[in-house]
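Q: make a model of this:
(one chain, ligands or ions: 1)
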Amino acid sequence: MDKPSPTCACGMSRRKFLAATSSAALLFALGGLRGAAWAAPFELPPLPWAENALEPVISAKTIGFHYGKHHKGYLDNLNKLVAGTEFEGMPLEKVVAATAGKADKVAVFNNAAQTWNHTFYWNSLSPKGGGTPPAGLKQKITDSFGDMDTCLKELSAAAVGRFASGWAWLVSDGGALKVINTMNADTPLTLGLTPLLTIDVWEHAYYLDYQNRRADYVKAVLEKLVNWEFAAKNLG
Ligand code: FE2
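A: Predicted coordinates for the structure are as follows:
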């Protein structure tokens, strides 16, 4: 079932926004940018695994294009867009926050959010993923969804049902876990939510391997690649 798409930070309170941007999740996610500049010019963070490490679920060819062309493309565009502006020198997540919902900053927001979302996505996948979450996260999932199977079904429905391009997310909303999906570059960072893990459902994430069979890609990711350890660390 397709869920309503959160689209912007309009109307979010300053308190809620500050809570989101200072969350442990953000700090951990920024850890994924080790070796990269935190402010413009931004650098492409290294993948947390070899390009062929996710085979056969996601091919090296898909990762090569996705990381080397798409992710890098967003980052290169962002660096061009922020050069000489008030966003130069700002940490990436602050660029996302400062441009969310602003009609005259859509290009900066889209490229900044897509840069951040992709780094978060790489860390949401692991060659040793799938299986059972760590005990603390599993308990939170049980408390919030009733059982693990319901959580997985909601994640699958959010990913498969996201019309056109976007993302499926497991998030914490003040400690309660939820599944949402977002459209295009939109991200839980601007919604006062703490992202725990994500699945990219833009066609470029799966089309070379699965063509139009998005459901097969999502099923394989949830069964074999989803990085519950990363999600547990983001939970704090
Ligand atoms: Fe992508």
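
Q: need the phi and psi values for Leu54.
A: phi -100, psi 0 (degrees, to the nearest 10).

Q: which residues are in contact with the residue nearest to the spatial centre of the chain?
A: Nearest to the geometric centre of the chain sits Asn117, at 3.9 Å (Cα atoms, centre = their mean). Contacts for Asn117 (Cβ atoms under 8 Å, 6 or more residues apart in numbering) come out as Trp167, Ala185, Thr187, Thr198, Asp200. No exception for glycine: its C-beta is placed from N, CA and C like everyone else's.

Q: among the residues you listed, which are in reach of the ion?
A: Restricting these to those touching the ion (Cβ under 5 Å from the ion) yields Asp200.

Q: what about the contacts of Asn117, which are in strands?
A: Trp167, Thr198, Asp200 (DSSP state E).

Q: and the residue of the chain most remote from its centre, helix, strand or coil?
A: Relative to the C-alpha centroid of the chain, counting by Cα atoms, centre = their mean, Gly84 is the outermost residue, at 27.7 Å. Of the three states, Gly84 takes coil under DSSP: H, G, I helix; E, B strand; the rest coil.

Q: quick check: it vs Ala157, distance?
A: From Gly84 across to Ala157, the span is 44 Å (Cβ to Cβ, to the nearest Å).

Q: which stretches of this protein form strands?
A: So, for the chain - with DSSP E - the strands run 166-173, 176-183, 194-200.

Q: list of residues touching the last one?
A: The contact list for strand 194-200 (Cβ under 8 Å, 6+ apart) reads 20, 23-25, 29, 66, 117-118, 120-121, 124, 137, 155, 159, 167-173, 177, 187-189, 218, 221-222, 226-228, 230-231, 234-235.

Q: adjacent strands (with direction) for that strand?
A: Using DSSP bridges, the strands paired with strand 194-200 are strand 166-173 (antiparallel).

Q: pull out the buried positions in the strand it pairs with.
A: Gly166, Trp167, Ala168, Trp169, Leu170, Val171, Ser172 (16 or more other Cβ atoms under 10 Å).

Q: the longest helix seen in the chain near the ion anywhere?
A: Longest helix of the chain, by residue count under DSSP state H: helix 106-124. No: counting by Cβ under 5 Å from the ion, no contacts exist between helix 106-124 and the ion, the nearest distance being 5.6 Å.

Q: which residues touch the closest residue to Tyr210 other than its chain neighbours?
A: Distance criterion Cβ to Cβ, 6 or more residues apart in numbering; nearest residue to Tyr210, sequence neighbours excluded, is Tyr217 at 4.5 Å. Residues in contact with Tyr217 (Cβ under 8 Å, 6+ apart) are Ile58, Ala205, Tyr206, Asp209, Tyr210.

Q: ok so, going back, what residues are up against the residue farthest from the centre of the chain?
A: By Cβ under 8 Å, 6+ apart, Gly84 has no neighbours at all.
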